[in-house]
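Peer 1: Give me the fold of what follows.
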Amino acid sequence: MVKFILALIFFLFSSIAGAQVHEFVLKNGLKLLVKEDDRAPIVVSQIWYKVGSSYETDGTTGVSHVLEHMMFQGTRKHGEGEFSRIIAENGGSENAFTGSDYTAYFQTLEKSRLPISFELEADRMRNITLPQEAFEKEIEVVKEERRLRTDDNPNSYLREVANATAFQTSPYRQPIIGWMADLESMDVADLRSWYKKWYAPNNATLVVVGDIEADDVYKLARKYFGRLKGEVALPPSHRPEVEQQGIKRVIVKRPAEIARLTMAYKTPALKSALQDNSSVEKWEPYALEMLSGILSGGSSARFASRLVRGEEVATGVNSSYNLAGRLDGLFVISATPAQGKSIEELEQAIRAQINELKSSEVAEEELQRVKAQVVSSDVYEKDSAFYQGMILGTFETVGLGWEYAEEYVEQISAITAEQVQEVTKKYLNDNVATIAVLEPISMDRESSGQGAVLPGANSNE
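Peer 2: Numbering: from 1, shown residues only. Purely as a prediction, here's the structure:
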């Protein structure tokens with residue numbers, strides 16, 4: 001039955017992914033990717049800039065995200081708020097997001113309105129005004145966002161501390177929203193410099209998916225973006241992560257109702273596996289994706305069936321891994337202990353599941369079931385024009401090339417039980433592990449000045 005389901009998913013994938021990706025490059029360096037999808041009379045337009053928090057240096061963290069906010073504050077041609085008003089008046093939706101490796105802006109519109117999107121995005125690629133008053137307002141918005149989503153959110157704060165503890169020199173240690181001290185010292189001149197350096201056609205990829213003709217989109221792109229001038233292309237500063245040689249443990253004390261555990265292991269991204277003379281095999285990142293699915297891919301996965309329902313040691317356990325990173329990242333396990341269970345018991349239970357995978361290969365039936373889940377998740381994402389664009393934009397912007405996004409299903413389907421066991425042994429070990437614990441405290445203790453992180457806890461053991 002599982003093999004039948006997998007075959008059906010592959011059939012659906014072939015029908016969805018059958019549309020060709022058309023690639024164009026304008027004379028000014030702007031790359032254009034177009035994927036035709038005529039199932040609905042809409043078009044999704046996304047502009048991806050190769051800049052995010054991993055491009056920032058100490059003292060400038062958060063500048064990419066703040067600039068994202070300011071991109072909606074007007075150009076010399078369109079005033080504050082006019083961008084969003086024009087999109088809404090044309091029945092569209094729009095937004096933006098900042099990540100570690102990119103900043104992206106997108107609109108979804110009826111297909112005949114694509115020129116409106118292009119005209120607006122081309123304008124703000126080079127012509128935003130960055131008024132001082134708007135900056136003073138938006139920097140306060142970002143600081144409040146940091147307070148609400150991180151400082152006052154125990155789980156988010158734990159993730160931030162775990163990330164900054166795991167990475168010592170990699171820029172992935174920096175939060176996307178920025179450290180509060182950097183936000184407080186930031187001024188509009190920082191944004192002007194950042195904007196001029198990175199917001200240029202030769203540092204951007206335009207992705208369009210929908211009921212359109214590729215050649216028509218190319219002509220529109222030349223009309224609106226072709227006249228823009230590029231900048232001198234400078235590669236981002238590269239400071240590789242130093243080798244970790246022992247487990248790191250950190251305790252975070254915050255006002256919270258329940259404790260929480262994060263176990264993070266340094267793992268390679270697909271980009272590392274593709275480099276010449278790499279010690280990472282190309283299949284390893286895909287095997288790590290499968291490993292995450294085996295551990296927490298749904299209610300029948302090992303964490304849910306064994307630790308939540310079986311041993312009842314946890315109320316929730318999840319794992320995550322992202323192979324599409326510009327730099328090497330983390331395989332992260334996050335868990336909450338069940339009532340009456342300690343963090344120590346929870347950690348040991350998780351370790352037992354990891355050790356079982358190291359000592360015994362996954363049964364073929366379980367492997368096929370997880371493959372079906374992992375592949376189906378990818379297929380369902382590709383059923384959306386927006387997520388088709390997201391996948392193409394992500395792979396292209398992190399330096400993999402969009403072609404590797406098209407290989408995902410084929411690569412996952414080829415992973416063996418032996419390969420899953422091999423990556424578990426190689427990467428889920430204490431030499432590259434960071435264990436972060438959220439220890440709840442009362443509001444009274446927090447207000448009395450007790451530290452958020454135990455002194456000396458962030459150290460090798």
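Peer 1: Endpoints of stretch 254-269, how far apart?
Peer 2: Distance between the boundary residues of stretch 254-269 (C-alpha to C-alpha, to the nearest Å) amounts to 32 Å.
Peer 1: just checking, what packs against the longest helix along the chain?
Peer 2: Once the chain is assigned using DSSP state H, the helix that runs over the most residues is helix 364-382. Identification of packing neighbours for helix 364-382 by 3 or more C-beta pairs under 8 Å, 6 or more residues apart in numbering; DSSP states H and E yields helix 2-17, helix 284-296, helix 385-397, helix 408-413, helix 417-427. (Each C-beta comes from the backbone N, C-alpha and C, glycine too.)
Peer 1: how about the strands of the stretch 201-350 of the chain, start to end?
Peer 2: Remark: strands assigned in the stretch 201-350 of the chain by DSSP state E, counting those that start in this stretch are 204-210, 248-255, 260-267, 314-320, 329-337.
Peer 1: ranking those by burial, who's on top?
Peer 2: Stretch with highest mean neighbour count among these: strand 204-210 (a mean of 27; mean count of other C-beta atoms under 10 Å).
Peer 1: re the thing from before, of the helices and strands packed on helix 364-382, flag the one that's most buried.
Peer 2: When those are scored by mean count of other C-beta under 10 Å, the highest mean neighbour count falls to helix 284-296 (a mean of 25).
Peer 1: Let me see the domain layout of the chain.
Peer 2: Domains of the chain are assigned by automatic domain parsing as 19-225, 248-460.
Peer 1: Next, the distance between the ends of the shortest one.
Peer 2: Okay, so that is domain 19-225. End-to-end distance for domain 19-225, by C-alpha to C-alpha: 25 Å.
Peer 1: tell me the average confidence for it?
Peer 2: Averaging pLDDT along domain 19-225 yields 96.
Peer 1: now the longest one
Peer 2: Over the span of domain 248-460, the pLDDT mean works out to 91.
Peer 1: just how off-centre is it within its chain?
Peer 2: Mean C-alpha position of domain 248-460 versus that of the full chain (C-alpha atoms, centre = their mean, to the nearest Å) differs by 13 Å.
Peer 1: likewise stretch 40-60?
Peer 2: Mean-position distance between stretch 40-60 and its chain equals 11 Å (C-alpha atoms, centre = their mean).
Peer 1: and if you look at stretch 231-245?
Peer 2: 18 Å.
Peer 1: Dump it to CSV, restricted to CA.
Peer 2: Written as CSV, here are the backbone C-alpha positions of stretch 231-245 (Å, rounded to 0.1, in the frame of the first residue of the first chain):
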residue,chain,number,x,y,z
GLU,A,231,26.7,47.8,-8.4
VAL,A,232,30.2,46.4,-8.1
ALA,A,233,29.6,42.8,-7.1
LEU,A,234,31.3,42.1,-3.8
PRO,A,235,31.1,38.7,-2.2
PRO,A,236,29.9,38.5,1.4
SER,A,237,32.6,38.2,4.0
HIS,A,238,33.2,34.6,4.7
ARG,A,239,34.1,33.5,8.2
PRO,A,240,33.8,29.7,8.5
GLU,A,241,32.6,28.1,11.7
VAL,A,242,35.5,26.8,13.9
GLU,A,243,35.6,23.1,14.6
GLN,A,244,33.7,22.2,17.7
GLN,A,245,35.4,19.7,19.9
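Peer 1: what does that stretch contact?
Peer 2: Contacts to stretch 231-245, defined as C-beta atoms under 8 Å, 6 or more residues apart in numbering, come from residues 29, 50-51, 54-55, 57, 167-172, 196-198, 200, 202-203, 266, 327-328, 431-432, 460.
Peer 1: Which of the helices or strands spans the residue lying closest to R249 once chain neighbours are set aside?
Peer 2: Leaving aside its chain neighbours, R249 sits nearest to I435 (4.8 Å; criterion: C-beta to C-beta, 6 or more residues apart in numbering). Using DSSP states H and E, I435 falls within strand 433-441.
Peer 1: if I pick the residue nearest the centre of the chain, what's in contact with it?
Peer 2: In the chain, the residue lying closest to the centroid (C-alpha atoms, centre = their mean) is G99, at 6.0 Å. Each residue near G99 by C-beta under 8 Å, 6+ apart is listed here: G52, S53, I176.
Peer 1: quick one: the second one and Q174 touch, right?
Peer 2: Translated: S53. Yes. With contacts counted by C-beta atoms under 8 Å, S53 reaches Q174, the gap being 5.2 Å.
Peer 1: what about E145, how many residues close to it?
Peer 2: Using other C-beta atoms under 10 Å, E145 has 14 other residues around it.
Peer 1: same check, this time on Q245
Peer 2: By other C-beta under 10 Å, the residues close to Q245 number 8.
Peer 1: rewinding a little: any chance of CSV for the helices and strands packed on helix 364-382, columns distance to I116?
Peer 2: Formatted as CSV, the helices and strands packed on helix 364-382 follow (distance: least, C-beta to C-beta, whole Å):
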stretch, distance to I116
helix 2-17, 27
helix 284-296, 38
helix 385-397, 17
helix 408-413, 33
helix 417-427, 47
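Peer 1: wait, which of those helices is closest to E133?
Peer 2: helix 385-397 (32.0 Å; C-beta to C-beta).
Peer 1: and the angle from that closest one to helix 364-382?
Peer 2: The directions of helix 385-397 and helix 364-382 differ by 100 degrees, with axes from the mean of the first three to the mean of the last three C-alpha atoms, to 10 degrees as the criterion.
Peer 1: For helix 385-397, which helices and strands make contact with it?
Peer 2: Counting contacts by 3+ C-beta pairs under 8 Å, 6+ apart, helix 385-397 is packed against strand 31-36, strand 42-49, strand 103-110, strand 204-210, helix 364-382, helix 403-406.
Peer 1: related to what we said a few turns ago, I would like a ChimeraX command selecting only the buried ones among the contacts of G99, please.
Peer 2: Selection of the buried residues among these in ChimeraX, burial being defined by 16 or more other C-beta atoms under 10 Å:
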select :52,53,176
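Peer 1: just the contacts of G99 now: which is nearest V252?
Peer 2: Closest to V252 out of those is I176 (19.0 Å), distances taken as C-beta to C-beta.
Peer 1: My read is that the closest one contacts T98, right?
Peer 2: Yes. Assessed by C-beta under 8 Å, I176 is found in contact with T98 at 5.7 Å.
Peer 1: what do these two both touch?
Peer 2: Listed contacts common to I176 and T98 are G52, S53, S64, H65; contacts here mean C-beta under 8 Å, 6+ apart.
Peer 1: Turn these into CSV, including distance to G401.
Peer 2: Output for the shared contacts of I176 and T98, formatted as CSV (distance: C-beta to C-beta, whole Å):
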residue, distance to G401
G52, 18
S53, 22
S64, 23
H65, 26
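Peer 1: Secondary structure and distance to D187 added to the residues you listed, as JSON lines?
Peer 2: What follows is the shared contacts of I176 and T98, written out as JSON lines (DSSP: H, G, I helix; E, B strand; the rest coil; distance: C-beta to C-beta, whole Å):
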{"residue": "G52", "secondary structure": "coil", "distance to D187": "21"}
{"residue": "S53", "secondary structure": "helix", "distance to D187": "19"}
{"residue": "S64", "secondary structure": "helix", "distance to D187": "16"}
{"residue": "H65", "secondary structure": "helix", "distance to D187": "16"}
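Peer 1: out of those, who's nearest K341?
Peer 2: Nearest to K341 among these, counting by C-beta to C-beta, is S53 at 35.3 Å.
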